[in-house]
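Undergrad: Okay, sequence plus prediction incoming.
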Amino acid sequence: MLTSKCLKGVNVGYPLGIVARDIKVLETEFNSEFVLRIIPKLDWDTLWNAADSIGHSGDLPRTLSDDYENDVEFLKKVHHVLLEVEVINGELVCPESGRKFSISKGIPNMLLNEDEL
Amino acid sequence: MSENKRNKKAKRKQTKAKNILLRDTGIRCSEEPTKVRMLLKCHNNFVHRKHILRLSASFQYVMVANGGLVTGLQQEQLLEITLPYGGVDGIVMLPGKSYCFIIFKDIHSASKAYAAIHGKIKITPDDSGPLYLAYTEKVPELSHSWNYDYKPPGLILLEEFVTEDEEKLLLNCVDWKTTDCHLGQTLKHRRVKHYGYEFQYDTNNVNKDCPLTDSIPCECNFLLDRLKERNVCALSSFPTQMTVNNYQPGQGIPSHVDTHSAFEDPILSLSLGSSIVMEFRHQDGRAIPVLLPRRSLLIMSEEARYAWSHGITPRKMDVVPTLSGDLTIQRRKERTSFTFRSIRKGECNCVYHDQCDSYKKKYRQSEGHIKDDTLAAKLESLHVHEVYEEIASHFSDTRHKPWPNVLSFVQSLPFGSILVDVGCGNCKYFGYSVGLFEIGCDHSVGLAKVCHDRGFEVFNCNCLSLPLKSEIADGCLSIAVIHHLATEERRLRAVEEMVRILRPGGRALIYVWAKDQARHNTLSSYLKQDRKTKSKDYNSQLKCVSQCNSVSKSAGTILNEVSHQFPSLPVHTNRTQFQHHDLLVPWKLKPAVKSEPDQKREESCLEKGSHEVPTFYRYYHVFDEGELERLCSSVKGAKVVQSYYDQGNWCVTLERV
């Protein structure tokens, strides 16, 4: 969901590249209904690419199948990449300008310098 | 219902109310009336003479268990019911409560009223149940006392100003039958007729270039001489504009200050036909009822004319004092007021800037607020961002209790919604709904860390440029954030950014600090938290001194740097009403005291004399009534769904269309 469009001269700024140095995998409670509601709000390609770029795409399908709503195993996988995989240290990279935003202790820093606005 | 059953029900209702009272205020009820010595409490900024005299007298308090401000019970109604049984010294109504208190003059009156009313008498015939009463030991401190001993400065009341014959003459000279709709108009709550110049209610001003053909009737001419006879030389010449208002019982006029640029000082108003109580209100929260007797002349000059608003509450009776100082009910009759005003030539030059349209016009035109964007960014950086980094952990320790209205907004979002809290602080609104995808962002790295430690998704950014895709959020929060932005343009940009990230139909809730912290005569929780002056004494609460000179050393450098650039930025005194729109609010850093060993450590620190607490100054722009709504309405692609005042904040719910 994050974008670097706020940077001066950047038109789309999406999706941001991810460089992950530390990844933490946690366990959170699975709620199929919740995941089901969230999926339509996401850009599936972006999610897949993001998961893939940090080596966590697993056996997530590249495209959404038509009947994913009833596929509990699939929903669990989405739940996993969405809510259980966290980049602790790393960077987000603007696809246009190459500007890097650091992720430190799990918190992306999207603050800009004055001359970038 | 049988007698026995009714008694049981009354007992049950009473017990329930007693428990609520004990929980709310810690005040206990007693079975029997007990003598209570009245302590002298100075509720207002003046001493109630009546109470001094009665210091040694005993009073009796009675709680009305099922009637109060929340149920719409009016003090006048209650007084009307209780007065037949004995003397009443006052009624105490608490904001937001469904119960209230009657202070009886003695036990005898109280027990007589109790026996007659409790479980028996209804306020109106169609009420579902009777009133239930209970004796209490005390009444809560916030008291509304009818006090006719004090008047706003500059207010003069001349009783018996005209005779009964003159009254008749004056009333007869008003021709209400005039067909011209402009001249004899019926407003929502009263009939109005203008002479000399027409007062236009849409602009709250007069058209000075366009006098009416009807000038002030010659029947009024003797009034100027009468003024001289009474030794009041408030006027050099007779006013050129007159407005006649005709009020039926139950009608009133909303509280207002006569537009400064429209009329000179003073304003005169003659009351004919009936007495009435007019309420004067000061922006600091003081409210003073003034009884305007029939055939009296009211002169509003100086502070009373410029700084106090006046109005008449629409009701059919008033609470008025008797000669002996007790309270009684007076039914209103048809009243006609003749208001005389002199048209002002040029602009107003008064010192009451907050109410002065001339001043506001001039101020906005010349120096204005901070306009330069770079300067604004610098101010925010120094006096918002840096401060929050410094105080992050202490700030977070003081912020746990979510505000109910914000929480209900969050909980109203449908299951599976994406909620973005822009300026999330310590994420105090997260974790209350299981079905939400919650994302927080804040400029403060320290606060973001607090959120992450609490297990929430969060990132750092500036709310002026959100690094989020458009139309991704179902809900958006901005609680106490955009009042930290130093120009209107920047505040607007922040709202636009939130609207941009909302999907169509998505909603945002915005809270900002209100300049008026004592709206509707009720202190906001911000004022109430004043530990030093728990007395709720308005006068001490509302004194705001510019303390630029006494600022502690630790922050001196920052302040100097900024005061260099913003020479007019005043420092606010915490827990008081705001005196300015753009100001610095001090934050005193204290070590978080949680466990007992910590506290001891702190005490020992104090003993060593290292108790100098660093003070930081946060920049705020506090909002006027309607300002936030106007700001939000000007954002394209969004509509204001709701706009309200909540505990010293102006609040708007926006919807992306």
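TA: The structure has been received and is ready for your questions. Numbering: from 1, shown residues only, chains lettered A, B, ... in the order given.

Undergrad: ok, now which ones touch the closest residue to B:M300 other than its chain neighbours?
TA: Using Cβ to Cβ, 6 or more residues apart in numbering or on different chains and skipping the chain neighbours, the partner closest in space to B:M300 is B:I267 (4.7 Å). Placement of C-beta: from N, CA and C, glycine included. Contacts for B:I267 (Cβ atoms under 8 Å, 6 or more residues apart in numbering or on different chains) come out as B:258, B:299-301, B:305, B:339-341.

Undergrad: Hmm, B:D474 is touching B:S417, no?
TA: Yes - B:D474 lies in contact with B:S417 (Cβ atoms under 8 Å); the separation is 3.7 Å.

Undergrad: Give me the contact list for the helix or strand harbouring B:V319.
TA: Per DSSP states H and E: B:V319 is located in strand B:317-321. The contact list for strand B:317-321, computed with Cβ under 8 Å, 6+ apart, reads B:75-76, B:79-80, B:146, B:148, B:249, B:275-277, B:289, B:291, B:327-332.

Undergrad: just to revisit the earlier point, for the residue nearest to B:M300, grab phi and psi.
TA: phi -120, psi 130 (degrees, to the nearest 10).

Undergrad: got the residues of the stretch 351-500 of chain B near chain A?
TA: Counting by Cβ under 8 Å from any Cβ of the partner chain, the stretch 351-500 of chain B comes close to chain A at B:377, B:415-418, B:434-435, B:437, B:439, B:441, B:443, B:445, B:448-449, B:452, B:458-462, B:465-469, B:472.

Undergrad: Make a PyMOL selection of the buried ones in the residues you listed.
TA: Buried residues among those (16 or more other Cβ atoms under 10 Å in any protein chain shown), as a PyMOL selection:
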select buried, chain B and resi 377+416+417+418+437+439+441+443+445+448+449+452+458+459+460+461+462+465+466+467+468+469+472
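
Undergrad: Sort out which of the residues of the stretch 351-500 of chain B next to chain A are in strands and list them.
TA: B:417-418, B:437, B:439, B:441, B:458-460 (DSSP state E).

Undergrad: Provide the secondary structure category for B:H383.
TA: For B:H383, the assignment made with DSSP: H, G, I helix; E, B strand; the rest coil gives helix.

Undergrad: For it, which non-adjacent residue is closest in space?
TA: B:Y619 (3.8 Å).

Undergrad: Hmm, the one you found is touching B:V384, no?
TA: Yes - with contact defined as Cβ under 8 Å, B:Y619 counts as touching B:V384 (5.6 Å).

Undergrad: quick one: which of the two has more around it?
TA: Between B:Y619 and B:V384, counted using other Cβ atoms under 10 Å in any protein chain shown, B:Y619 has the larger neighbour count: 24 against 21.

Undergrad: what sits opposite the more buried one in the beta ladder?
TA: B:L584 (DSSP bridges).

Undergrad: Kindly report the same for B:H256.
TA: B:H310.

Undergrad: residue contacts, the residue in chain A that chain B sits nearest to?
TA: Residue of chain A nearest chain B, by Cβ to the nearest Cβ: A:R37 (2.4 Å). Residues near A:R37 by Cβ under 8 Å, 6+ apart: B:415-417, B:435.

Undergrad: one more time with 10 Å
TA: Residues near A:R37 by Cβ atoms under 10 Å, 6 or more residues apart in numbering or on different chains: A:31, B:414-418, B:435, B:437, B:474.

Undergrad: State the helix or strand in which it lies.
TA: helix A:32-38.

Undergrad: next SSE after that helix?
TA: helix A:44-53.

Undergrad: Name the residues of the helix or strand following that following helix that come out as buried.
TA: Next along the chain after helix A:44-53, taking DSSP H and E as the criterion, comes helix A:72-79. Under the neighbour-count criterion of 16+ other Cβ under 10 Å, helix A:72-79 has A:74-75, A:77-79 buried.

Undergrad: what about the following helix or strand past helix A:72-79, near chain B?
TA: Downstream of helix A:72-79, the first helix or strand assigned by DSSP H and E is strand A:85-93. Yes - residues of strand A:85-93 contacting chain B under Cβ under 10 Å from any Cβ of the partner chain: A:86, A:88, A:92.

Undergrad: ranking those by neighbours, who comes first?
TA: So for the residues of strand A:85-93 next to chain B (other Cβ under 10 Å), the most neighbours sit at A:L92, 23 neighbours.

Undergrad: okay, that one: pLDDT?
TA: Looking at A:L92, its pLDDT is 90.

Undergrad: Now do the contacts for it.
TA: A:L92 neighbours (Cβ under 10 Å, 6+ apart): A:2-4, A:15-19, A:99-103, A:108-110, B:459, B:467.

Undergrad: what's near enough to touch residue 28?
TA: Assuming you mean chain A. A:79-80, A:82-84, B:455.

Undergrad: nope, chain B please
TA: B:R28 neighbours (Cβ under 10 Å, 6+ apart): B:18, B:21-22, B:135-138.
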